[in-house]
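# The sequence and its predicted three-dimensional model are supplied below.
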Amino acid sequence: MEIQIYYEDTDCGGVVYYGNYLKYFERARTQYLEERGLSVARLMKEGTVFVVVHAEVDYRSPARYGDRLIIETVVSGMTAASFNFSHVIRERESQRVVVEGSARLAAVNGIGKVTRLDKAMVAVLRFGSTRSH
C-alpha cells in the first residue's frame, strides 16, 4: 500500500509525527484483509471485531512532507483467537526503511469477549483469498 505524506501528517519540523505510523499500520491491515475478501465492515456486522492488544514501532529514519511511502504487511503469527501483523514502511524512491513494527489483534464478539477465529478466516490469513481466482 502507498501513503502520500501531506503537511497535516508532519510536525513543525516537516517530519512525520511518530503517532501517525500506527494509523498507517491500521490502514495497511484493513487493506490487507479487504484484498483477501475479509470485509472488516461485514465482520463487524456479523459480530466479530478485531482489537489491537499489543503494538510495537521501531523508528529507523524520518519520513518528511512530500515523501511517498510503501507499506509492506504480512501476517506473521496466529493463535486460536489472535493474529500478528508485521509491517515495514519504506520511502518509495530510495527504498530506505523508515519504520518497522508489528501489532497483535484479538478477535472479540459484540460484547468484547475474546472469541476464536473461524476456520475460513484462519485459512485466508494463512493461505490467501476467499475469492475464487
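Ah, there it is.

# Assign R42 to helix, strand or coil.
Three-state call for R42 (DSSP: H, G, I helix; E, B strand; the rest coil): helix.

# distance of it from V49?
12 Å (Cβ to Cβ, to the nearest Å). To be clear about C-beta, it is placed using only N, CA and C from the backbone, and glycine gets the same treatment.

# between the two, who's got more neighbours?
Each of R42 and V49 has its neighbours counted (other Cβ atoms under 10 Å); V49 has more, 16 against 11.

# For that one, give me its contacts.
43, 107-110 (Cβ atoms under 8 Å, 6 or more residues apart in numbering).

# Redo the residues you listed as a markdown table? Include pLDDT, distance to T73 and neighbour count.
What follows is these, written out as a markdown table (pLDDT from 0 to 100; distance: Cβ to Cβ, whole Å; neighbours: other Cβ atoms under 10 Å):
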| residue | pLDDT | distance to T73 | neighbour count |
| --- | --- | --- | --- |
| L43 | 92 | 18 | 16 |
| A107 | 95 | 18 | 20 |
| V108 | 96 | 21 | 18 |
| N109 | 93 | 25 | 12 |
| G110 | 85 | 27 | 11 |
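
# which one of those sits closest to E93?
Lowest distance from E93 to the contacts of V49 (Cβ to Cβ) belongs to L43, with 35.9 Å.

# Can you name the residues that contact the closest one?
L43 sits next to 49-50 when contact means Cβ under 8 Å, 6+ apart.

# Equivalent analysis for the one 3 residues further on, please.
For E46, the set of contacting residues under the criterion of Cβ under 8 Å, 6+ apart is empty.

# Now do the phi/psi pair for it.
Here is the backbone geometry of E46 (degrees, to the nearest 10): phi -80, psi 0.

# How confident is the prediction for it, by pLDDT?
What the model reports for E46 is a pLDDT of 91.

# roughly how far apart are it and V52?
Note on E46: its distance to V52, by Cβ to Cβ, is 20 Å.

# so where do the helices sit in this structure?
20-35, 40-45, 119-127 (DSSP state H).

# Among the ones you listed, show me which one is buried the most.
helix 20-35 (a mean of 18; mean count of other Cβ atoms under 10 Å).

# mean confidence score for stretch 19-29?
Mean predicted confidence for stretch 19-29 is 97.
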